[in-house]
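Q: Whatever this is, show me its structure:
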Amino acid sequence: MFFNNLNSSAIKEIEVNDNIISIIFNSSDKVYNYEVKDEDFNEMLQNVIVNEESIGKFINTAIKNKAVVEISNTI
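A: Numbering: from 1, shown residues only. Sure, this is the predicted structure:
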C-alpha cells in the first residue's frame, strides 16, 4: 500500500510492504523504515487515513508504544 498527498502536517508519504513501513516526514526527504510489530497496525493506519484523523499522532503513538520499531540502516 502506498499513501501520498496525505492531509497531514507531519507525514508526506507512507508505504507499507508486508511488515515493513516506510515513512517520509514533511520535515525531511529521508526515508525512515520501521518493522511492524502490532498485527493490527496496518488496519488501524488505513482507518486513520480514511477517517481523516491525525496521521502524525497515530504514527508517533505507534513508535512510542513500539507497535513499529525503526530499522537501523547501519551495517
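Q: Just the strands from this structure, written as ranges.
A: Assigned by DSSP state E, the chain shows strands spanning 2-3, 11-17, 20-25, 31-36, 68-70.
Q: As CSV, the ones you listed with distance to residue 47 would be great.
A: The way it works is simple: take the backbone N, C-alpha and C, and place the C-beta from them, glycine included. Formatted as CSV, the strands of the chain follow (distance: least, C-beta to C-beta, whole Å):
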stretch, distance to residue 47
strand 2-3, 13
strand 11-17, 13
strand 20-25, 15
strand 31-36, 15
strand 68-70, 16
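Q: and residue 55, which of those is closest to it?
A: Ranking the strands of the chain by proximity to residue 55 (C-beta to C-beta) places strand 11-17 first, at 4.9 Å.
Q: Now tabulate the strands of the chain in TSV and tack on distance to residue 46 and mean pLDDT.
A: Shown next, in TSV, are the strands of the chain (distance: least, C-beta to C-beta, whole Å; pLDDT from 0 to 100):
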stretch	distance to residue 46	mean pLDDT
strand 2-3	9	90
strand 11-17	9	94
strand 20-25	12	95
strand 31-36	13	96
strand 68-70	15	96
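Q: can these go into JSON lines with extra columns for mean neighbour count?
A: Converted to JSON lines, the strands of the chain look like this (neighbours: other C-beta atoms under 10 Å):
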{"stretch": "strand 2-3", "mean neighbour count": "13"}
{"stretch": "strand 11-17", "mean neighbour count": "17"}
{"stretch": "strand 20-25", "mean neighbour count": "18"}
{"stretch": "strand 31-36", "mean neighbour count": "16"}
{"stretch": "strand 68-70", "mean neighbour count": "15"}
